[in-house]
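Peer 1: what's the 3D shape of this:
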Amino acid sequence: MTTLTENTGAAHAANLRVDAAGETFAYRRFGTPSATLPPLVMLQHFRGNLDYWDPALLDVLAADREVITVDLRGVGGSTGTTPDTVGEMARDALRFMDALGLDGVDLLGFSLGGHIAQEIALVRPRLPRRLVLAGTAPQGAPDLHRWSDDVYGYACGDVTAPEDFIALFFSGSEQSSRRGWEYLARTHARTEDRDAETTLACRDAQYRALMTWGIPESAKSERLSAISQPTLVANGDNDTMMSTKNSYLLAEKIRGAQIRIYADAGHGFLDQYPVEFGHHIRQFLGR
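Peer 2: Predicted coordinates for the structure are as follows:
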């Protein structure tokens, strides 16, 4: 374990390790422990690692609770082979939380992480207290199975150039693109003890999981009626990767779900509006 003492905040949180089911999970745990609020566990997007979370968002979230970010099996600094199904990724996330002794959490899942969070809420319904589902979609929802050529090209290249990331995650407007570049600067403020980049093998396994989840089958969305936790669904108004209409579908299928859509924003709305989204999450989760 590396301890960083010169700086504070999420951008300088220590890299931690925990063993579970024969593998080692890399994670970061920071913020202010609360006597009333459970830790917020955050599950990352396709090809993302610990360093891809926006420190500006994390610092808002960690003001009054503990926040835990994790690399699941085969991702970043964690060992093992990346599963190629969302169900097995959810089981890995549960193994990780069990290894930390967490018997109650709030969950935030972004993109692929949102698929995983849905599955956790279904198979371990008493673990999550509240859910935040960001830029994600129900299993079997429309327009998930085969990304457009542009989205596939930006997301799945052997090397992802910064320009590709901006094109994929942001709306294309001058303001959105500018905020995208500001996000990239924030995520590179950490120059020491950075997480390992995800591998091409991880990319391929996660892509198979995403495509399997996205095979059209409208009946799959009925599973969401079993989710009873208070849920916040959020997205940008122009998500070309997960399709904003699927956020509306999530909110429709999960009883009592709230929905918030951010203007002039794409898949990376949470990086475009990190402080605003952070405060909206805190308001939803309670203080």
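Peer 1: Give the residue spans of the chain that score low on pLDDT.
Peer 2: Low-confidence segments of the chain (pLDDT under 70): 1-8, 287.
Peer 1: which residues in it form helices?
Peer 2: 55-61, 86-99, 112-123, 149-156, 162-169, 174-187, 200-213, 244-253, 269-272, 274-285 (DSSP state H).
Peer 1: would JSON lines of these with mean neighbour count and distance to Ala134 be doable?
Peer 2: In this view, the C-beta of every residue, glycine as well, is placed from N, C-alpha and C. Output for those, formatted as JSON lines (neighbours: other C-beta atoms under 10 Å; distance: least, C-beta to C-beta, whole Å):
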{"stretch": "helix 55-61", "mean neighbour count": "22", "distance to Ala134": "10"}
{"stretch": "helix 86-99", "mean neighbour count": "21", "distance to Ala134": "16"}
{"stretch": "helix 112-123", "mean neighbour count": "24", "distance to Ala134": "6"}
{"stretch": "helix 149-156", "mean neighbour count": "15", "distance to Ala134": "17"}
{"stretch": "helix 162-169", "mean neighbour count": "18", "distance to Ala134": "12"}
{"stretch": "helix 174-187", "mean neighbour count": "16", "distance to Ala134": "14"}
{"stretch": "helix 200-213", "mean neighbour count": "18", "distance to Ala134": "16"}
{"stretch": "helix 244-253", "mean neighbour count": "20", "distance to Ala134": "9"}
{"stretch": "helix 269-272", "mean neighbour count": "28", "distance to Ala134": "6"}
{"stretch": "helix 274-285", "mean neighbour count": "18", "distance to Ala134": "8"}
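Peer 1: looking at those helices, which is closest to Gly236?
Peer 2: When those are compared by C-beta to C-beta, helix 269-272 sits nearest Gly236, at 3.5 Å.
Peer 1: quick one on the thing from earlier: now render the helices of the chain as TSV, adding distance to Leu72.
Peer 2: Listed next are these as TSV, based on distance: least, C-beta to C-beta, whole Å:
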stretch	distance to Leu72
helix 55-61	18
helix 86-99	5
helix 112-123	8
helix 149-156	18
helix 162-169	21
helix 174-187	19
helix 200-213	10
helix 244-253	21
helix 269-272	19
helix 274-285	21
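Peer 1: what's the burial count for the residue lying closest to Gln258 once chain neighbours are set aside?
Peer 2: Counting by C-beta to C-beta, 6 or more residues apart in numbering, Gln258 lies nearest to Leu232, which is 5.0 Å off, once chain neighbours are set aside. For Leu232, the neighbour count with other C-beta atoms under 10 Å is 22.
Peer 1: Quick check, Leu232 in contact with Phe284.
Peer 2: Yes - with contacts counted by C-beta atoms under 8 Å, Leu232 reaches Phe284, the gap being 4.6 Å.
Peer 1: got any residues that touch both of those two?
Peer 2: Applying C-beta atoms under 8 Å, 6 or more residues apart in numbering, one finds that Leu232 and Phe284 are jointly contacted by 130, 132, 258.
Peer 1: so of the residues you listed, which ones are in strands?
Peer 2: Per DSSP state E, strands hold the following members of the shared contacts of Leu232 and Phe284: 130, 132, 258.
Peer 1: Quick check: of these, which lies closest to Ala196?
Peer 2: For these, the nearest to Ala196 is Val132 (26.3 Å; C-beta to C-beta).
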